[in-house]
Each structure stands twice: as C-alpha cells, then as structure tokens.
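**Student:** A predicted structure for the sequence below; I have some questions about it.
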Amino acid sequence: MSDFLIAPSILSADFARLGEEVDKVLEAGADIVHFDVMDNHYVPNLTIGPMVCEALRKHGVTAPIDVHLMVKPVDSMIDMFAQAGASYISFHPEASEHVDRSLQLIIDAGCKPGLVFNPATPLHYLDHVMDKLHHILIMSVNPGFGGQQFLPTTYDKLRQVKQRVAQSGRNIRVEIDGGVKVDNIRSVAEAGADMFVAGSAIFNQPDYKTVIDQMRAELAQVNA
Ligand code: DX5
Ligand code: ZN
C-alpha cells in the first residue's frame, strides 16, 4: 500500500550533523521528518525548538516537518513553529487548557493539526474535535525518550481510534509513535495506524535505506 507514511524521528539522529542526517534519511525513502519538542516540564527531557526547525528549512529540507510538541503551555509555540516552517503540529490535550483553541491556532497558522494520546490518556478528548483534526497521534511509549519498548495495550487503542475515524467519515491519519520496528510495523498497521514514527529503529542502524525498505516490505503485506 502506498498510503503508508514513514516518519523517522530525528530524536535518535546525530545532532552534531543534523542537516546531513535528515538529507540521508529522506534519500533513503522516508516521507516525513518527525520533530520531537520536549521542555523538561511536560516531559522529563529537553530537546530542540523552532530555531532548529528553521535551520532545517534553510538547509534545504522540503519534506513535511511533523512537529510533536511535548510542551506545556502549548499555544505560544504554535506560531513560532509555523513561522519556522512546520507542516504538521500536534500537542497533548493535558498540556493545553483549551484544546479546541489550540487546534484552531494551528489551523489559523496554516499548519495541519494533530492531537496526541499518551498510553493512559483516554480517547474521549476526541469527542468534539474530529472536524478539526488532520491526524491523531497514539503514543505507544510514555513520551520523553527514544528507544523504549512498544506497549502492547496500544493495539486495542489503535483499533478504537480507527473505528472512531471510520465513524466520523473523515480522512484523518492515525500516527503511531514509540517502539516501532521492522518486526512490529505490520501488526501496528493492521491495528489501524497509517503513519509510522520510528527513531532508534532507523537511526541506530548503519544503513537507513535497508531499514526503511524492510518496513515497506512489511507494510506491503498488510491485510487491512
Ligand atoms: C518519544 C518521542 C518519539 C521517539 C520515538 O517521546 O515522541 O518520537 O523519538 O523513538 P523510538 O522510535 O526509538 O521509540
Ligand atoms: Zn514523537
């Protein structure tokens, strides 16, 4: 299926050579650049901000940049990332006082909005915002670090999300983030995901193309 999108998380890239790393992973066949923003407040780690996003655009990256905000508060970051060249912007509902307002700010800034669900975050946050969403990001690990194990309870949650999307009749992407690897990407897709974040599985290997090709080969066997 060509409708599956692979979004390497640059959290596991070599930050000393970030531009080259992003070029390399895109040349290797990635569709999207997943950009993890952590604030040492909403999550216990600190990463990169809008200046780094802008630097990647200036470096010549034209692929969509998928900004995953793990910050609290959320709203002040939205315009900064939109101006820095973000394509998609997602945030965690617990980190925003006014979820609908934050989604609308993302739309008004010209980006595509997503809502992110931690492993223990209930899906009821979707109840009244489906009309605003471009994607739903399901975390299959607790946010903050790369290289964690995929939590198996995620499969059931993905099926529930897929059902909600189908009921809405809308074309909303279901993104999965955390512990995605060659050996589970197919079952994750069969449970309902169509956009796959993978950090350590790709960047910890010497040849990114080999991993991405293996992921696509697995996805080609999906029974939807
Ligand atoms: C975790 C981040 C992920 C992380 C995934 O908080 O949101 O994007 O980089 O890394 P892996 O694929 O190594 O689990
Ligand atoms: Zn992420």
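**Tutor:** Cool, got the structure. Residues are numbered from 1 along each chain as shown. Ligands and ions are numbered 1, 2, ... in the order given.
**Student:** near ligand 2, which residues of the chain are found?
**Tutor:** 36, 68, 177 (C-beta under 5 Å from the ion). C-beta: built from backbone N, CA, C; applies to glycine.
**Student:** filter those residues by proximity to ligand 1?
**Tutor:** Contacts with ligand 1 are made by 36, 68, 177 out of the residues of the chain next to ligand 2, judged by C-beta under 6 Å from any ligand atom.
**Student:** identify the bridge partners of the closest residue to Val71 other than its chain neighbours.
**Tutor:** Closest residue in space to Val71, ignoring its immediate chain neighbours: Asp39 at 4.1 Å, by C-beta to C-beta, 6 or more residues apart in numbering. Counting by DSSP bridges, Asp39 forms beta bridges with Leu46.
**Student:** contacts only, for Asp39.
**Tutor:** By C-beta atoms under 8 Å, 6 or more residues apart in numbering, the contact set of Asp39 is 46, 70-72.
**Student:** now do stretch 85-92, average pLDDT.
**Tutor:** Stretch 85-92 carries an average pLDDT of 99.
**Student:** can that stretch be found next to ligand 1?
**Tutor:** No - shown here: stretch 85-92 not in contact with ligand 1 (C-beta under 6 Å from any ligand atom), separated by at least 9.9 Å.
**Student:** measure that stretch end to end?
**Tutor:** Length of stretch 85-92, first residue to last, C-alpha to C-alpha, to the nearest Å: 20 Å.
**Student:** and Ala84, how many neighbours?
**Tutor:** When neighbours are defined as other C-beta atoms under 10 Å, Ala84 has 21 of them.
**Student:** same list (the residues of the chain next to ligand 2) but as JSON lines, adding distance to Met139, pLDDT and neighbour count.
**Tutor:** Formatted as JSON lines, the residues of the chain next to ligand 2 follow (distance: C-beta to C-beta, whole Å; pLDDT from 0 to 100; neighbours: other C-beta atoms under 10 Å):
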{"residue": "Asp36", "distance to Met139": "11", "pLDDT": "98", "neighbour count": "24"}
{"residue": "His68", "distance to Met139": "9", "pLDDT": "99", "neighbour count": "26"}
{"residue": "Asp177", "distance to Met139": "6", "pLDDT": "99", "neighbour count": "27"}
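**Student:** nearest to Leu133, of those?
**Tutor:** Set against Leu133, the nearest of the residues of the chain next to ligand 2 by C-beta to C-beta is His68 (14.6 Å).
**Student:** touching, that closest one and Val37? I think so.
**Tutor:** Yes - using C-beta atoms under 8 Å, His68 is in contact with Val37, at 6.6 Å.
**Student:** ok, back up a step: closest to Leu123 among the contacts of Asp39?
**Tutor:** Ranked by distance to Leu123 (C-beta to C-beta), the contacts of Asp39 are led by Met70 at 18.9 Å.
**Student:** helix, strand, or coil at the closest residue to ligand 2 within the chain?
**Tutor:** Nearest to ligand 2 in the chain, going by C-beta to the ion, is His68, at a distance of 3.7 Å. Of the three states, His68 takes strand under DSSP: H, G, I helix; E, B strand; the rest coil.
**Student:** distance of it from Gly179?
**Tutor:** Per C-beta to C-beta, to the nearest Å, His68 is found 15 Å from Gly179.
**Student:** pull out the buried residues from the longest helix along the chain.
**Tutor:** Longest helix of the chain, by residue count under DSSP state H: helix 154-168. For helix 154-168, the neighbour count (16 or more other C-beta atoms under 10 Å) marks 154-155, 157-158, 161-162, 164-165 as buried.
**Student:** all helices for this structure, in order.
**Tutor:** Under DSSP H, the chain gives helices at 18-27, 50-59, 75-83, 99-108, 154-168, 185-191, 200-203, 208-219.
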